[in-house]
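Asker: any chance you can model this:
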Amino acid sequence: MADDLRLGLNLGYWQRNADDATELVQTAERLGYESVWTAEAYGSDAFTPLAWYGARTSRIKLGTSVAQLSARPPVTTAMTAMTLDHLTGGRLLLGVGASGPQVVEGWYGQPFPRPLARTREYVEIMRKVWRREEPVTAPGPHYPLPFPGGLGKPLKLITHPLRNDIPVYLGAEGPKNVTLATEVAQGWLPLFVFPEKIEAMYGEALAGAAPGFDVAAMVNVIVTDDVRAAIDGVKMMLTLYIGGMGAKARNFHADIVGRMGYAEAAERIQALYLAGRRDEAFDAIPDELADGISLVGPIGRIRERLELWRKSPVTNLLVMGPRDEPTLRDIRDLVLG
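Answerer: Here you go, the predicted structure:
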């Protein structure tokens, strides 16, 4: 239970030249938001927009939610993180995640074996890079250093990091991945959180978390008098994630919705979406699911529902959706008091 929720702004993917959120990020910084986060899938990368906003701010922390493991070898991510952290005065929060087989195999042309073991190995190598205690070696099997049988030798990072303990967050949806986050990271970035259900779903996985472990939940926030339209907006997002953001045989987003108690609905949504019947897939999403994982409606309704989040293991709300100063201020006042 988090008596004092922290507050961040999640911008998601950068899409086009007109999508420059500099003014919004500066406003969030001025209003006391702790962090701003950017994402990547198979469009824009997470680091470049974050560097852009970091150059135009001075205090707000800068997070990736998440940088995909298969997009870069672990030493490349470590170098990028070290550089951005240095240039922004130690403000980086490095969220990483394994993604899913649809993206890893379809976009990066790589296999998707043993995501937990790969993630653990990846994080261990990054920490070795930042510590600079000795030339970096790793036995593998996923990221052996140096490459076995070749001419390479162990190397050590040339540049001294500003911080050798850059905070790492894991994007994770399965209980085993969440347990891994408590073991190797400073925080967990859940995409879908139903606050009344998170304890039952992940309480055991979070039991070993160290004090200060950050459960930084991404949540859609829509301030409006039209609750129906707001719920429909969340359902539109869920239609894509449950229906199409994953392979038919392995869709982690559909799996998590199933663990929330909507397994039959998730199966039907995915089948309809993949059959091209997207309107029907939208209609198949339960309103209570869309409402449960978001904060939508008039300020009074959001204030009431916010108490559910305060009573949950969530420690940090990364709000998605607000694009203007009045809304950012209203949310700030509700969350931070």
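
Asker: contacting residues around Leu157?
Answerer: Ala78, Met79, Met82, Val129, Trp130, Arg132, Val136 (C-beta atoms under 8 Å, 6 or more residues apart in numbering). Heads up, the C-betas are built off the backbone N, CA and C, glycines and all.

Asker: with Gly258 instead?
Answerer: With C-beta under 8 Å, 6+ apart, Gly258 has these contacts: Ala266, Glu267.

Asker: that one belongs to a helix, doesn't it?
Answerer: Yes - Gly258 forms part of a helix when assessed by DSSP: H, G, I helix; E, B strand; the rest coil.

Asker: just the pLDDT at the nearest residue to Gly97 once chain neighbours are set aside, thanks.
Answerer: Spatial nearest neighbour of Gly97, chain neighbours left out: Gly171 (3.1 Å); criterion: C-beta to C-beta, 6 or more residues apart in numbering. Looking at Gly171, its pLDDT reads 97.

Asker: give the contact list for Gly171.
Answerer: Ser65, Val66, Gly95, Val96, Gly97, Ala98, Leu189, Leu191.

Asker: can you pull out the strands in the stretch 151-300 of the chain?
Answerer: Taking DSSP state E, counting those that start in this stretch as the test, the strands found in the stretch 151-300 of the chain are 168-171, 187-189, 214-223, 295-297.

Asker: what about Val319, which helix or strand?
Answerer: Element membership for Val319 (DSSP states H and E) is strand 316-320.

Asker: pairing partners for that strand, with directions?
Answerer: Sheet pairing of strand 316-320 (DSSP bridges) gives strand 6-12 (parallel), strand 214-223 (parallel).

Asker: in TSV, list these along with distance to Gly233.
Answerer: Output for those, formatted as TSV (distance: least, C-beta to C-beta, whole Å):
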stretch	distance to Gly233
strand 6-12	14
strand 214-223	6
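
Asker: which residue is nearest the middle of this structure?
Answerer: Ser65 (3.5 Å; C-alpha atoms, centre = their mean).

Asker: mind checking pLDDT for that one?
Answerer: The score at Ser65 is 96. That number is its pLDDT.

Asker: quick one: contacts for Leu162?
Answerer: Contacts of Leu162 by C-beta under 8 Å, 6+ apart are Met82, Asp85, His86, Gly89, Gly90.

Asker: so among those residues, which ones count as buried?
Answerer: Neighbour counting by 16 or more other C-beta atoms under 10 Å classes Met82, Asp85 among the contacts of Leu162 as buried.

Asker: of the contacts of Leu162, which pair is most distant in space?
Answerer: Using C-beta to C-beta, these span at most 13.2 Å, a distance reached by Met82 and Gly89.

Asker: follow-up on the earlier one: give me whichever of the strands of the stretch 151-300 of the chain is most buried.
Answerer: strand 187-189 (a mean of 27; mean count of other C-beta atoms under 10 Å).

Asker: for it, give me every contacting residue.
Answerer: Counting by C-beta under 8 Å, 6+ apart, 65-66, 93, 95, 97, 167-172, 178, 181-182, 206, 213-218, 316, 318 sit against strand 187-189.

Asker: the same query, at a cut-off of 6 Å, please.
Answerer: Ser65, Gly95, Tyr169, Leu170, Gly171, Ala172, Val178, Ala181, Asp214, Val215, Ala216 (C-beta atoms under 6 Å, 6 or more residues apart in numbering).

Asker: can you lay out those residues as a markdown table showing distance to Asp4?
Answerer: Compiled in a markdown table, these are given as follows (distance: C-beta to C-beta, whole Å):
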| residue | distance to Asp4 |
| --- | --- |
| Ser65 | 21 |
| Gly95 | 22 |
| Tyr169 | 19 |
| Leu170 | 23 |
| Gly171 | 24 |
| Ala172 | 24 |
| Val178 | 22 |
| Ala181 | 21 |
| Asp214 | 12 |
| Val215 | 13 |
| Ala216 | 14 |
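
Asker: tell me what Gly97 is bridged to.
Answerer: Here Gly97, judged by DSSP bridges, has bridge partners Gln68.

Asker: any stretches of the stretch 101-250 of the chain with poor pLDDT?
Answerer: Residues of the stretch 101-250 of the chain that meet the criterion pLDDT under 70 lie in 246-247, 249.

Asker: okay, the nearest residue to Thr27 once chain neighbours are set aside and Leu116: tell me how far apart.
Answerer: Distances taken as C-beta to C-beta, 6+ apart place Glu325 nearest to Thr27, at 5.0 Å, with adjacent residues excluded. Going from Glu325 to Leu116 by C-beta to C-beta, to the nearest Å gives 42 Å.
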